[in-house]
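Chemist: Attaching a predicted model along with its sequence, questions to come.
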Amino acid sequence: MGDLTSRRWIVAKGIMFAVIVVMSGAGVLIHEDFWYRLGLLLVCLWAACRFYYFLFYVLERYVGVEGRYAGILDLCQRLWRKPKH
């Protein structure tokens, strides 16, 4: 299998990591079993790290978001204001 090169699929992958973070985080709050909670917490941590990497490295290097940004809110504002071609 080759490298992922489509910008659309790269962004979709990043969004999927965010969904995993939200769902596993909700599961940590809902479930009472210690081992189930621990597993969900590990999945949440892994997906959060991948999402962070996506936001601050992949978007800049592979998707083409220009310039550096201070945080997630700065990135969202920049993407929101970007003129569409």
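Modeler: Good, I have the coordinates. Numbering: from 1, shown residues only.

Chemist: helix or strand for residue 69, which one?
Modeler: Applying DSSP states H and E as the criterion places residue 69 outside every helix and strand.

Chemist: Distance of it relative to residue 32?
Modeler: 39 Å (Cβ to Cβ, to the nearest Å). Every residue, glycine included, has its C-beta placed from N, CA and C.

Chemist: and the two? which has more neighbours close in?
Modeler: Each of residue 69 and residue 32 has its neighbours counted (other Cβ atoms under 10 Å); residue 69 has more, 18 against 6.

Chemist: residues contacting the closest residue to that one other than its chain neighbours?
Modeler: Spatially, and ignoring its direct neighbours in sequence, residue 69 is nearest to residue 75 (4.6 Å; Cβ to Cβ, 6 or more residues apart in numbering). By Cβ atoms under 8 Å, 6 or more residues apart in numbering, residue 75 lies in contact with 55, 59, 65, 69.

Chemist: neighbouring contacts of the top helix by length along the chain?
Modeler: Ordering each helix of the chain by length in residues (DSSP state H) puts helix 7-30 first. The list of residues contacting helix 7-30 from outside it, by Cβ under 8 Å, 6+ apart, reads 4, 36-37, 40-41, 43-44, 47-48, 50-51, 54-55, 58-59, 62-64.
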